[in-house]
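Engineer: Okay, here's the prediction I keep looking at, along with the sequence it came from:
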Amino acid sequence: MAGVNPLIAQGALNRVLTSIVVPSYPQLSAIAPNMSKSLVQLTFDGPFNDQIGTATGIVNSPLPYVMGQLVVSLLRSQLVSGLWIAQAQTQSILGTVTAYPDSPVFPAVSLTNCSITDIDPGAYDGQDPTVKITLKGVFYTNATLWSGAAALA
């Protein structure tokens, strides 16, 4: 019916749900109270599917993975940020890291073969307590490729 507001509930975000879990190094896991206001940012690098041009259209070529990146904004005023520096000095490869979002309806995302790629301790100026930890790893896509059941028509 045109012009009628469907009154769809928009949901809510709950920043205290945000966390990261590092099973191989549980001391590195962090919850919202360990983080600055920007919490965690997740991005994917590259397409989930290549579309290859042909003479009359395209051929789809699903990729089995993309690289994922997590930027975790920890508080320099808490012990966990120092543990990350120590971890980078000892072993930067972490294994699987799972990020839990600020919404109970959006799924957690795991990156496998994850490693620490950058640590930005921020300015030591007494104004911003943020230490940005950058993690990169593999996010698997298009799981049906492995079963041979992918319908690519």
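Structural biologist: Sure, I can see it. Residues are numbered from 1 along each chain as shown.

Engineer: and Leu145, what are its phi and psi?
Structural biologist: Main-chain dihedrals, Leu145, degrees, to the nearest 10: phi -60, psi -40.

Engineer: what sits against the most centrally placed residue in the chain?
Structural biologist: When the chain is reduced to its mean C-alpha position, the nearest residue by Cα atoms, centre = their mean turns out to be Leu42, at 3.4 Å. Residues counted as contacts of Leu42 (Cβ atoms under 8 Å, 6 or more residues apart in numbering) are 68-70, 99, 101, 109. For every residue, glycine as well, the C-beta is placed using N, CA and C.

Engineer: out of those residues, which is most surrounded?
Structural biologist: Gly68 (23 neighbours; other Cβ atoms under 10 Å).

Engineer: can you tell me the helix or strand for that residue?
Structural biologist: Counting by DSSP states H and E, the element that carries Gly68 is strand 65-75.

Engineer: Pull out the buried positions in that strand.
Structural biologist: Buried positions in strand 65-75, judged by neighbour count with 16 or more other Cβ atoms under 10 Å: 66, 68-75.

Engineer: For this structure, which segments count as helices?
Structural biologist: Applying DSSP state H to the chain gives helices spanning 79-90.

Engineer: before we move on, the earlier item: tell me the spacing between the residue nearest to the centre of the chain and Leu13.
Structural biologist: When distance is defined by Cβ to Cβ, to the nearest Å, Leu42 is 14 Å away from Leu13.

Engineer: Show me the two of the contacts of Leu42 that sit farthest apart.
Structural biologist: Gln69 and Pro101 (15.1 Å; Cβ to Cβ).

Engineer: Many thanks, I have nothing further to ask.
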